[in-house]
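Q: 3D model of this:
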Amino acid sequence: MEAAEHKESLLRTWIWIAVAVAIILLKGFLSFFVVSDMGQPTWNYRPMPDVPASSPYAVYPHLPYSQHIRGAKGE
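A: Numbers count the residues shown, from 1 in each chain. Here you go, the predicted model:
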């Protein structure tokens with residue numbers, strides 16, 4: 001049984017290198033034009049208040065002492 005001969009082909013090597021580079025460039029092209037920033041969005045949510053104390057659930061009775069715990073004199 002004879003071993004198959006290995007044929008070197010400089011042209012085939014450069015074709016595969018060109019295919020790999022083309023795949024990388026196509027992937028970069030698609031990433032740039034499909035995922036890229038297209039500017040300001042068309043919707044407008046308007047400013048929303050982001051103050052925690054403006055929530056009715058954030059209103060607590062004031063404690064008589066500076067500590068934020070209940071007990072004798074805030075201890």
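Q: what are the ranges of the helices in the chain?
A: With helices called from DSSP state H, the chain shows them at 10-35.
Q: now it, which segments are flagged as low pLDDT?
A: 1-4, 48-75 (pLDDT under 70).
Q: cutoff 50 now
A: Scanning the chain for pLDDT under 50 picks out nothing.
Q: so for stretch 19-32, what gets flagged as buried?
A: Within stretch 19-32, no residue counts as buried by 16 or more other C-beta atoms under 10 Å. The way it works is simple: take the backbone N, C-alpha and C, and place the C-beta from them, glycine included.
Q: just the CA coordinates for it, please, in PDB.
A: This file holds the C-alpha atoms of stretch 19-32, laid out as PDB (Å, rounded to 0.1, in the frame of the first residue of the first chain):
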ATOM      1  CA  VAL A  19     -11.300  33.400   2.300                       C
ATOM      2  CA  ALA A  20     -10.400  33.800   6.000                       C
ATOM      3  CA  VAL A  21      -9.700  37.500   5.600                       C
ATOM      4  CA  ALA A  22     -13.000  37.900   3.700                       C
ATOM      5  CA  ILE A  23     -14.900  36.300   6.500                       C
ATOM      6  CA  ILE A  24     -13.300  38.500   9.100                       C
ATOM      7  CA  LEU A  25     -14.000  41.700   7.000                       C
ATOM      8  CA  LEU A  26     -17.600  40.600   6.400                       C
ATOM      9  CA  LYS A  27     -18.100  40.000  10.100                       C
ATOM     10  CA  GLY A  28     -16.700  43.500  10.900                       C
ATOM     11  CA  PHE A  29     -18.800  45.100   8.200                       C
ATOM     12  CA  LEU A  30     -22.000  43.500   9.500                       C
ATOM     13  CA  SER A  31     -21.000  44.500  13.100                       C
ATOM     14  CA  PHE A  32     -20.400  48.100  12.100                       C
END
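Q: where's residue 13 relative to residue 5, distance?
A: 17 Å (C-beta to C-beta, to the nearest Å).
Q: thank you kindly, that will do.
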